[in-house]
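Engineer: just coords:
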């Protein structure tokens, strides 16, 4: 961020720190938004199909042509853009959702200018102004995206990506400028992310080509989830026109015509029965095929586009669910709160397994499955209710003390497993391990106060039946 004087620079730095936890791994600084915004409210700004718009209006709202305020996804006035003057085809920054700070990345759908200044050391050099299309990753914007993700990870912020990319720019100059390398940095940044990551396809947006490679939730399934706006969002490696030209070629269209068109069917029968008028009939068939071809080409494109709809994306498992844009703020607020609470609990479970070399550390997905098992075993709960964010948050709040005890019991179980494996390993390993455990207990006994010493002796007698 750039400011014109020192005072504003200090203020910007303080504003930036207001989004960041006070310590690494600490709680997010949640702000009170009462008085200037509401948590559960509809989003009134909606993009129009085929009309370029400022993506910042989608994030934080703005005034329409009549001067009326239209609310956006995040809390009003909470979005702070970073790196604004560089790689303008991608917009990055920090914002708040119901007071919870988040990192945000969104696509610029309008054409932007990239200015390359003249080299003062070269008298022949001149300033170059390059037009960069929207909805495309260029080397600079891909690097900006990767850099922003790394920054948000360092700040322990959850992240939401509003995706509207047709892929990476594959021109010769872009390949020379290492667009593939910078694209791979996006994948590397996602792989190491630990906070919740939501990839959302907003209304009338699409993900195509190489964008699927770097935004697929399977890159880091322990934290990444993908969603799409209902009905109007699209997603697929090939665009509908390209898929139709590959999968439904002209010869296939002609076969379809002869299968469906009554007039062609009649001509085919006539051709088979009347050998004398064969040439004239074939001319009629060709004429009819040429007349129908444009219509069938349009139908084939529409057919291919049906495979890119949110319903189809949900059916093949590439998105979690469809989300109505007008209700997306409410949905993602509760989803974010649920994920933050779930990740905090599973982090404690993972730490519980880190007691020694003999116990396998839980993976994040495995830890979530343990929490899911506890949830489904609770009376009145079930696996089907696991995706109900409000219900899960309520369950965790009501049973906080019980869950803490479950974590302690799980830690105890891991310690017991560690000791058993060390003492029953066999051979010299078991002897050395047993001696080490006994010696460790003795050293710890010396450092205990009288009360804890008596408690330890009592526990040993009860366990060993002495």
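Structural biologist: Looks like it came in fine. As the structure is a prediction and not an experimental result, all values here were calculated from the model.

Engineer: which parts of the helix or strand encompassing residue 272 are buried?
Structural biologist: Per DSSP states H and E, residue 272 falls inside helix 262-273. Neighbour counts over helix 262-273 (16 or more other CB atoms under 10 Å) mark 264, 267, 271 as buried. For glycine as for every other residue, the C-beta is placed from the backbone atoms N, C-alpha and C.

Engineer: That one - what's its average pLDDT?
Structural biologist: In this model, helix 262-273 has an average pLDDT of 87.

Engineer: so what secondary structure elements neighbour the first helix or strand past it going along the chain?
Structural biologist: Once the chain leaves helix 262-273, the next helix or strand it forms, by DSSP H and E, is helix 278-306. Applying 3 or more CB pairs under 8 Å, 6 or more residues apart in numbering; DSSP states H and E, we find helix 278-306 packed against helix 240-247, helix 250-260, helix 262-273.

Engineer: In helix 278-306, which residues are buried?
Structural biologist: Across helix 278-306, burial judged by 16+ other CB under 10 Å covers 281, 284, 285, 288, 289, 292, 296, 297, 300, 301, 304, 305.

Engineer: Kindly report the same for stretch 431-440.
Structural biologist: Across stretch 431-440, burial judged by 16+ other CB under 10 Å covers residue 433.

Engineer: so where is the stretch 301-450 of the chain shaky, pLDDT-wise?
Structural biologist: By pLDDT under 70, the low-scoring segments of the stretch 301-450 of the chain are 355-360, 425-430.

Engineer: hang on, the earlier thing: which one among the buried residues of helix 278-306 gets closest to residue 403?
Structural biologist: residue 305 (46.4 Å; CB to CB).

Engineer: And the closest one, how close does it get to residue 241?
Structural biologist: According to CB to CB, to the nearest Å, residue 305 stands 9 Å off from residue 241.

Engineer: same check, this time on residue 418
Structural biologist: Relative to residue 241, residue 418 is positioned 60 Å away (CB to CB).

Engineer: Please apply the same query to residue 219.
Structural biologist: Remark: distance between residue 219 and residue 241 (CB to CB) = 28 Å.

Engineer: Pick out whichever of these two has more residues nearby.
Structural biologist: Shown here are residue 219 and residue 241; by other CB atoms under 10 Å, residue 219 has more neighbours (19 against 13).

Engineer: What count of nearby residues applies to the closest residue to the more buried one other than its chain neighbours?
Structural biologist: Nearest residue to residue 219, sequence neighbours excluded (CB to CB, 6 or more residues apart in numbering): residue 190, at 4.9 Å. By other CB under 10 Å, 23 other residues sit near residue 190.

Engineer: I'd say residue 190 and residue 218 touch.
Structural biologist: No. At 10.4 Å, residue 190 and residue 218 do not qualify as touching, with contact defined as CB atoms under 8 Å.

Engineer: tell me how far the helix or strand residue 174 falls within is from the chain's mean position?
Structural biologist: Taking DSSP H and E as the criterion, residue 174 maps to helix 172-176. Chain-centre distance of helix 172-176: 28 Å, with CA atoms, centre = their mean, to the nearest Å.

Engineer: change the start of the numbering to 43 and stick with it
Structural biologist: Got it, first residue is 43 now, which makes that one helix 214-218.

Engineer: Shouldn't residue 135 be within a strand?
Structural biologist: Yes. With DSSP: H, G, I helix; E, B strand; the rest coil as the criterion, residue 135 is located in a strand.

Engineer: count of residues packed around it?
Structural biologist: For residue 135, the neighbour count with other CB under 10 Å is 23.

Engineer: Which residue, other than its chain neighbours, is closest to it?
Structural biologist: Using CB to CB, 6+ apart, the closest residue to residue 135 is residue 123 (4.0 Å).

Engineer: In contact with the residue nearest to residue 219 when sequence neighbours are not counted, which residues?
Structural biologist: Leaving out its chain neighbours, the residue that sits closest to residue 219 by CB to CB, 6+ apart is residue 181, at 4.1 Å. The contact partners of residue 181, by CB atoms under 8 Å, 6 or more residues apart in numbering, come to 211, 216, 219, 220, 221, 224.

Engineer: Out of the residues you listed, which is nearest to residue 288?
Structural biologist: Checking the contacts of residue 181 one by one against residue 288 (CB to CB), the nearest turns out to be residue 211, at 21.7 Å.

Engineer: and the closest one, what does it touch?
Structural biologist: Residue 211 makes contact with 174, 175, 178, 179, 180, 181, 221 under the criterion CB under 8 Å, 6+ apart.

Engineer: Let's test this: what are the backbone torsions at the fifth one?
Structural biologist: Residue 180 has phi and psi values of phi -100, psi 170 when expressed as degrees, to the nearest 10.

Engineer: got the contact list for it?
Structural biologist: Counting by CB under 8 Å, 6+ apart, residue 180 has contacts 129, 131, 156, 174, 210, 211, 216, 221.

Engineer: Next, give phi and psi for the fourth one.
Structural biologist: This points to residue 174. phi -110, psi 120.

Engineer: was I right about it contacting residue 131?
Structural biologist: Yes. Between residue 174 and residue 131 there is a contact under CB under 8 Å: 5.2 Å.

Engineer: what's the overlap in contacts for these two?
Structural biologist: Between them, residue 174 and residue 131 share these contacting residues under CB under 8 Å, 6+ apart: 154, 180, 183.

Engineer: ok, so of the residues you listed, who is nearest residue 294?
Structural biologist: Nearest to residue 294 among those, with distances taken as CB to CB, is residue 180, at 36.3 Å.

Engineer: Tell me, what's the model's pLDDT at that closest one?
Structural biologist: Looking at residue 180, its pLDDT stands at 94.

Engineer: right, and residue 94 touches residue 154 too?
Structural biologist: No. With contact defined as CB under 8 Å, residue 94 does not count as touching residue 154 (11.0 Å).

Engineer: buried set for the host helix or strand of residue 190?
Structural biologist: Using DSSP H and E, residue 190 sits in helix 181-196. Neighbour counts using 16+ other CB under 10 Å place 181-195 of helix 181-196 among the buried residues.

Engineer: sorry, back to before: just the buried residues of the contacts of residue 211.
Structural biologist: Buried residues within the contacts of residue 211, counting neighbours by 16+ other CB under 10 Å: 174, 178, 179, 180, 181, 221.

Engineer: and the first one, what is it in contact with?
Structural biologist: Looking back up the chat, that one is residue 174. Residue 174 sits in contact with 130, 131, 153, 154, 155, 156, 180, 183, 211, where contact means CB under 8 Å, 6+ apart.

Engineer: nearest to residue 406, of these?
Structural biologist: The closest of these to residue 406 turns out to be residue 183 (CB to CB; 29.9 Å).

Engineer: show me the contacts for that closest one.
Structural biologist: Taking CB under 8 Å, 6+ apart as the test, what residue 183 contacts is 129, 130, 131, 132, 174.

Engineer: residues contacting the closest residue to the second one other than its chain neighbours?
Structural biologist: Think residue 130. Of all residues beyond its chain neighbours, the one nearest residue 130 is residue 154 (3.9 Å), with distances taken as CB to CB, 6+ apart. By CB under 8 Å, 6+ apart, the residues touching residue 154 are 130, 131, 173, 174, 176.
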